[in-house]
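Trainee: With the input below, show me the fold.
(2 chains)
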Amino acid sequence: MKDVHAKRFTDYVLLLAVLFAFLFALSFTLTASAQEPTPSDDDVNRIAKQLYCPVCESTPLDVCPTEACRQWRDLIRTMLTEGKSEAEIKQYFVAQYGDRVLAEPPNRLASYLVPAIAILLGVLLLARGFQMWIKPSKAEAASMDPQGKPQQPVDPYIARLEEELKKQK
Amino acid sequence: MTETSISAPRRGVPLWAQVLIWVFLVGLLAIVALGLRRAQQGTVQPGQKIDNFKLPLYSGYQIDGQSEINLEDLRGKVVVINFWASWCKPCEQEAAELEQAWEEYEPSGQVVFLGVDYVDTEPEARVYMKKFGITFANGPDLRTRISQYFRIKGVPETYFVDKNGVLQYVQVGPFTSVEQIHAQIDPLLK
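Mentor: Sure, this is the predicted structure:
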């Protein structure tokens, strides 16, 4: 009879031990899932590719291999962990290092107006150039007779001058 | 005699277009020339009066508790302006020498050291300053305004400004001994 009680006691102890171990393990799992999620490399690079390294020019921050860029990527990760938004992070970098770190120019009227005016001027000049280029060939085509032989060039200015001279006579 | 007016037909590029093309070309050339001139200018040269600038200071690295320093407020003192960054390995070579020199000159009250932290992040900058035991005033070069004014070519670079605010010497690259720093400061104190 004593053996049966002793065996039951041992079973209870074992059961309690297993239960305790299960709860202990569960508490770890809960603790792990309650932690703040760490921003992934993709999250960091999503912002980093919109910024340029001010030391090594023309290199986006997400692919820049220098120590300085590594530090800036770490800073982006830290700021994301702190709950900063993309706009806030970009604003911080502009305040620290200037507009030149932005991959896209800041949203100001002059940022669009100056290139737009330059392009417009370029298009106008090109159009004018093409117009001048095409005009002489048209004139040449008009100066051919039906047999394809070149006619005497008819300059309207000279023609008018001759007409006026005739009138004078 | 009757007066006859003969108007010549318009030929070639109109005058307004010619003027526009020339203005555009001259403007373009001027921009390129200015850029080239600036690129070849190098750093500011000794003998030049240094204009006032404001340097915000990192907490713990302030002067008399001020969070910002104006260069003009330091007239009458020799000012040593050191450009550095935590990612800059050559800067580490001179960090101990600069701190040693600062500790030697600080009691006199006649010399001020200003560390200008160039395109750096504050957490890394603090690690660097702690690592090398830096105690003199330091702050970030916000929007790289100060480094652009001095036209620095890299870090480290150190500028020695005399009591009248005139630049006297430029050290490009790290100092290798504290005597090198003495050699520039001592004549300015006489």
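
Trainee: if I look at residue B:83, how far off is chain A?
Mentor: Distance, residue B:83 to chain A, by C-beta to the nearest C-beta, to the nearest Å: 13 Å. C-betas here are computed from N, CA, C, even on glycine.

Trainee: can you dump the C-alpha coordinates of the helix or strand hosting that residue into PDB?
Mentor: In this assignment (DSSP states H and E), residue B:83 forms part of strand B:78-84. Extracted C-alpha coordinates of strand B:78-84, given in PDB (Å, rounded to 0.1, in the frame of the first residue of the first chain):
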ATOM      1  CA  VAL B  78      43.500  82.100 -30.700                       C
ATOM      2  CA  VAL B  79      41.000  79.700 -32.200                       C
ATOM      3  CA  VAL B  80      42.000  76.200 -33.400                       C
ATOM      4  CA  ILE B  81      39.300  74.800 -35.600                       C
ATOM      5  CA  ASN B  82      39.600  71.100 -36.200                       C
ATOM      6  CA  PHE B  83      37.500  69.300 -38.800                       C
ATOM      7  CA  TRP B  84      37.100  65.600 -38.000                       C
END
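
Trainee: Can you mark which positions in the helix or strand just after that strand are buried?
Mentor: Sequence order places helix B:89-105 as the next helix or strand after strand B:78-84, per DSSP H and E. In terms of neighbour count (16 or more other C-beta atoms under 10 Å in any protein chain shown), helix B:89-105 has its buried residues at B:91, B:94-95, B:97-99, B:101-102, B:105.

Trainee: Chain A: which of those residues is nearest?
Mentor: Closest to chain A out of the buried residues of helix B:89-105 is residue B:91 (11.7 Å), distances taken as C-beta to the nearest C-beta.

Trainee: so that closest one touches residue B:84, yeah?
Mentor: Yes. Residue B:91 is within contact range of residue B:84, at 4.2 Å (criterion: C-beta atoms under 8 Å).

Trainee: Need the residues touching each of these two.
Mentor: B:155-156 (C-beta atoms under 8 Å, 6 or more residues apart in numbering or on different chains).

Trainee: tell me the contacts of the residue nearest to the spatial centre of chain B?
Mentor: With distances taken as C-alpha atoms, centre = their mean, residue B:150 lies nearest the centre of chain B, 2.3 Å away. Listed by C-beta under 8 Å, 6+ apart, the contact set of residue B:150 reads B:43-44, B:81, B:83, B:157, B:159.

Trainee: can you check residue B:163 too?
Mentor: B:75-78, B:188.

Trainee: What about these, which one has the most neighbours?
Mentor: With neighbours defined as other C-beta atoms under 10 Å in any protein chain shown, the most crowded of these is residue B:78; it has 22 neighbours.

Trainee: so what's that one bridging to?
Mentor: Note on residue B:78: beta-bridge partners by DSSP bridges are residue B:111.

Trainee: distance of it from residue A:64?
Mentor: Going from residue B:78 to residue A:64 by C-beta to C-beta, to the nearest Å gives 38 Å.

Trainee: ditto for residue A:113
Mentor: To residue A:64, residue A:113 is 31 Å away according to C-beta to C-beta.

Trainee: higher neighbour count, these two?
Mentor: Set residue A:113 next to residue A:64 and count neighbours by other C-beta under 10 Å: residue A:64 wins out with 19 against 10.

Trainee: Could I get the contacting residues of the more buried one?
Mentor: A:53, A:56.

Trainee: Can you verify it is assigned to a strand?
Mentor: No. If the criterion is DSSP: H, G, I helix; E, B strand; the rest coil, then residue A:64 is coil and not within a strand.

Trainee: Model confidence score at it, please.
Mentor: Looking at residue A:64, its pLDDT is 92.
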